[in-house]
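# Give the three-dimensional model of this entry:
(one chain, ligands or ions: 1)
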Amino acid sequence: MLEGGTPLIPSASIGPSLPGSIRLHLKYEGLNPTGSFKDRGMVVAVAKALEEGAEATICASTGNTSAAASAYSARAGMASIVLVPHGHIALGKLAQAVRHGAKVVCVDGNFDECLRLVREIVSKRRIALVNSLNPYRMDGQKSAAFEVCDALGEAPTYHALPVGNAGNVTACWWGYCHYRELGMIPVQPRMLGFQAAGAAPLVHGAPVAEPETRATAIRIGNPARWRDAMRAINESRGLISAVSEDEIHSAYARLAAEEGVFVEPASAASVAGVIRLAENGYFGDDEVTVVCTLTGHGLKDPDYALEQETDLTPTEADADTILDKAGLETSAKPVLHS
Ligand code: F0G
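As a prediction, the model looks like this:
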């Protein structure tokens, strides 16, 4: 469905506001067919499942994987089963899985429990697991790193991502390594991973039994790609860090209000982390290029978007009342066009 090929948007406001000499770029993965980076790997995983004669696809998901798995399975004419944590999946994602015809199972448990169940089920049946444990998913997701290098003409100095099940930061690093082996780039970037403070097992070095964050996409306590992700971060001389709910919210709000780029809360974790590092002087004074992956579209989570101080009460259908409400003077001014 023409997944990938997403824009690398130069930051117009957040980047220039940071101390130091940072060229900030936003890799807007929300513009993939189902609205998240998952499509890059899912197209490969579902094609392989079909080729291998699987009777269905299955995944555990905080939402986006289920949206992608159900869409690509629908297109391949395959059945799909998705296990999601009851009450902790954003509305847009649930709507997608339902409309794409997946068997949606809302499990009374968190993502980690859903993934454990999925692993048990695939050990018993000829059903293809399409979580990021699936190697084809990882291969597809490498393409984001290729595109970043193609767009910049070189690798960035740093690449920042939100981390949940830890597949994307790993795949991205593998992509850069692959490009280096091919001689396409002389050096790889440093990988920066950011988890939500209430769901930060990689930061603590221990699983979190009850992960909590409003950024439901990354509400994960025991990531499947733990070891691979830590290897990627260490080999690249990058870092893993936690960002607070307030930092995520502030970056989320700034992306929408200052950049015109609407993302879901988890996606803002990469930008939140880069803002904090820049303010702490982490990037130094030299010119650096920083890419933040914005993993999913803002329309995925309308509840989160509309929660804050928004006046949506009805207004009288009168032009002066509306101008007044918009905070503009009602006195006559020359018109722009009639
Ligand atoms: N951002 C978004 C919007 C996500 O949906 C996810 C993962 C991540 C970041 C983290 O990526 O897991 O590769 O470290 N969502 C998965 C899902 C877990 O089920 O949709 P990761």
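
# Going by C-alpha atoms from here, please, whenever you check contacts or count neighbours.
Noted.

# Pretty sure Thr57 sits in a strand.
Yes: membership of Thr57 in a strand is supported by DSSP: H, G, I helix; E, B strand; the rest coil.

# how about it, what does it touch?
Residues in contact with Thr57 (CA atoms under 8 Å, 6 or more residues apart in numbering) are 46, 49, 69, 73, 78-81, 127-130.

# And for Pro135, the neighbour number?
14 (other CA atoms under 10 Å).

# what's the answer for Ala317, then?
8.

# what kind of secondary structure is it in?
State at Ala317, reduced to three classes by three-state DSSP: coil.

# List the contacts of it.
Contacts of Ala317 by CA under 8 Å, 6+ apart: none found.

# Alongside the ligand, which residues does the chain contribute?
Selection of the chain residues close to the ligand by CA under 6 Å from any ligand atom yields 61-65, 162-168, 217-218, 266-267, 295-296.

# Which members of the residues you listed are positioned in helices?
64-65, 167-168 (DSSP state H).

# Switch those residues over to a markdown table; also include pLDDT and neighbour count.
Below are these laid out as a markdown table (pLDDT from 0 to 100; neighbours: other CA atoms under 10 Å):
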| residue | pLDDT | neighbour count |
| --- | --- | --- |
| Asn64 | 98 | 27 |
| Thr65 | 98 | 27 |
| Gly167 | 98 | 22 |
| Asn168 | 98 | 27 |
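
# so can I have JSON lines of these showing distance to Pro223?
Converted to JSON lines, those look like this (distance: CA to CA, whole Å):
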{"residue": "Asn64", "distance to Pro223": "16"}
{"residue": "Thr65", "distance to Pro223": "14"}
{"residue": "Gly167", "distance to Pro223": "8"}
{"residue": "Asn168", "distance to Pro223": "11"}
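
# mind listing which of the contacts of Thr57 are in helices?
Judged by DSSP H, helices contain the following of these: 46, 49, 69, 73.

# Save the contacts of Thr57 as JSON lines, and put in pLDDT too.
Putting the contacts of Thr57 into JSON lines (pLDDT from 0 to 100) gives the following:
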{"residue": "Val46", "pLDDT": "98"}
{"residue": "Ala49", "pLDDT": "98"}
{"residue": "Ala69", "pLDDT": "98"}
{"residue": "Ser73", "pLDDT": "98"}
{"residue": "Met78", "pLDDT": "98"}
{"residue": "Ala79", "pLDDT": "98"}
{"residue": "Ser80", "pLDDT": "98"}
{"residue": "Ile81", "pLDDT": "98"}
{"residue": "Ile127", "pLDDT": "98"}
{"residue": "Ala128", "pLDDT": "98"}
{"residue": "Leu129", "pLDDT": "98"}
{"residue": "Val130", "pLDDT": "98"}
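
# picking up where we left off before, which of the ones in helices among the contacts of Thr57 sits closest to Pro223?
Ala69 (19.0 Å; CA to CA).

# Quick check: the closest one touching Met42?
Yes: in this structure, Ala69 is within contact of Met42 by CA atoms under 8 Å, at 6.2 Å.

# Overlap in contacts, the two.
With CA under 8 Å, 6+ apart, Ala69 and Met42 have common neighbours Val130.

# what about the two, which has more around it?
Of the pair Ala69 and Met42, Ala69 is the one with more neighbours under other CA under 10 Å, namely 34 against 30.

# how close does the more buried one get to Ala197?
According to CA to CA, to the nearest Å, Ala69 stands 28 Å off from Ala197.

# Highest neighbour count among the contacts of Thr57?
Neighbour max across these (other CA under 10 Å) = Ala69, 34 neighbours.

# Now do the SS call for Glu247.
Relying on three-state DSSP, one would call Glu247 helix.

# Please give me every residue in contact with the closest residue to it other than its chain neighbours.
Among residues not flanking Glu247 along the chain, Ala272 sits closest, at 5.6 Å (CA to CA, 6 or more residues apart in numbering). Going by CA under 8 Å, 6+ apart, Ala272 touches 243, 247-248, 250-251.

# Most neighbours among those, please name it.
Ile248 (25 neighbours).

# wait, doesn't that one sit right on Ala269?
Yes: judged on CA under 8 Å, Ile248 makes contact with Ala269 at a distance of 5.2 Å.
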